[in-house]
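Engineer: no sequence on hand, only this structure:
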């Protein structure tokens, strides 16, 4: 029977500590460590690296962004370890929601669960609009011009709630990705694998071509004003940049939602966590190094850093690769978001905190009703709303989820394991 907000969920701490969950799994265990690792990498290495890096280099850090990514990666890695431990001990689809439920109770889990849902809805809608806008710019803004000509403006100049025009392409992209996710975990992970591999190949091309044009004097000594070339904004700028770079790692929690579908979650989740965080941190450091060694930091374009840098160097092939990588990265971010979102909804519905119908699992072993309802909600959000301010607000919710999971590990460690009543000493006394 579904629980209510006033009921307390019984937790068998003994089974959690032995990594033997007592729940009945509705999903098919079909995902390998490789699949789960690519889910995390694809979710993290999205459009952020192509957009975030330029803004941070130009306005906050200069070449010291390399250290900013290293510090941000270390902080994210500590948080990811907490997710990895929970993913092995509580291999449930709800990620932070499920972990909070078994350690802190239903009220906190309800709050964190809705944080995660809003994070994925708004985050996926934002990525879909970025995907649409990027493709539109490559096509000379023909899509947006045609939409404005036939549909007109969606908002008044005084309102920032709605987008400038209905983003039909973003709407369709969400529906298409949702359809792939509904076909089953194997299908969606195969799609994610293809685009993640393409994206990582592009990362390799960017790094190789970037270092071919490297000028190490851009990192050494001081400029004519006596300002350090590596620390043009000082150590404070580097630390401020680390806070901004932290959000480039958002998405590692997506692998935890695959716990119920992992073949061997006790080893797959922690191992995938370690590998994905290591690969992504190395990729970010190498790409930011290549960028700041190609051109001076003050000539970096904050909105199209890599493509503009290669254009300044006349490397047209690398410029084309960046465009392919950006679209591939945004596609994997969408797949990761649409993969994780319905599984969190499913877990909450299974516990009675959402409509029970949302916990229905289809013949393809996916929460089909959750995919349809919240996929449609995400698509409508991408179609209508200007979500930049919402994304900034939801950063607070993301940090809250990470903090609660970290605190839950401490609670989990100090909870005594409750043993079955039948366990007794050999002399017949209570165990």
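Structural biologist: On my side now, so go ahead. What you see is a predicted model, and the numbers here were worked out from it, not measured in a lab.
Engineer: what's the helix or strand hosting residue 333 packed up against?
Structural biologist: Using DSSP states H and E, residue 333 sits in helix 316-350. Packing partners of helix 316-350 (3 or more Cβ pairs under 8 Å, 6 or more residues apart in numbering; DSSP states H and E): helix 33-44, helix 48-56, helix 96-104, helix 106-138, helix 168-182, helix 185-212, helix 305-313, helix 368-384. Where you see a C-beta, it was placed from the backbone N, CA and C, and this is true even at glycine.
Engineer: so which bits of the next helix or strand after the longest one are buried?
Structural biologist: Think helix 106-138. Following helix 106-138 in sequence order, the next helix or strand is helix 142-150 (DSSP H and E). Neighbour counts over helix 142-150 (16 or more other Cβ atoms under 10 Å) mark 143-144, 147 as buried.
Engineer: tell me which residues touch the residue most central in space within the chain, please.
Structural biologist: Centroid check for the chain by Cα atoms, centre = their mean gives residue 251 as the closest residue, at 1.8 Å. Residues in contact with residue 251, defined by Cβ atoms under 8 Å, 6 or more residues apart in numbering, are 40, 43-44, 46, 333, 336.
Engineer: okay, who's weakest in these by pLDDT?
Structural biologist: When the contacts of residue 251 are compared by pLDDT, residue 46 scores lowest at 72.
Engineer: is it part of a helix or strand, or is it coil?
Structural biologist: coil (DSSP: H, G, I helix; E, B strand; the rest coil).
Engineer: pLDDT weak spots in the stretch 101-250 of the chain?
Structural biologist: The stretch 101-250 of the chain contains residues with pLDDT under 70 at 155-161.
Engineer: on that earlier part again, which of the helices and strands packed on helix 316-350 sits closest to residue 74?
Structural biologist: helix 33-44 (14.9 Å; Cβ to Cβ).
Engineer: same for the closest one, what does it pack against?
Structural biologist: Of the remaining helices and strands, those touching helix 33-44 by 3+ Cβ pairs under 8 Å, 6+ apart are helix 185-212, helix 265-294, helix 316-350.
Engineer: compute the inter-axis angle for the longest one and helix 48-56.
Structural biologist: When you say that, I think you mean helix 316-350. 110 degrees (axes from the mean of the first three to the mean of the last three Cα atoms, to 10 degrees).
Engineer: what do you get for the first one?
Structural biologist: Using the same axes, to 10 degrees, one finds that helix 185-212 and helix 48-56 are set 40 degrees apart in direction.
Engineer: mind giving me the packing neighbours of helix 185-212?
Structural biologist: Helix 185-212 packs on helix 33-44, helix 168-182, helix 265-294, helix 305-313, helix 316-350, going by 3+ Cβ pairs under 8 Å, 6+ apart.
Engineer: now those helices in a markdown table, with distance to residue 409 and mean neighbour count?
Structural biologist: Output for the helices and strands packed on helix 185-212, formatted as a markdown table (distance: least, Cβ to Cβ, whole Å; neighbours: other Cβ atoms under 10 Å):
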| stretch | distance to residue 409 | mean neighbour count |
| --- | --- | --- |
| helix 33-44 | 19 | 26 |
| helix 168-182 | 29 | 21 |
| helix 265-294 | 13 | 22 |
| helix 305-313 | 36 | 22 |
| helix 316-350 | 19 | 25 |
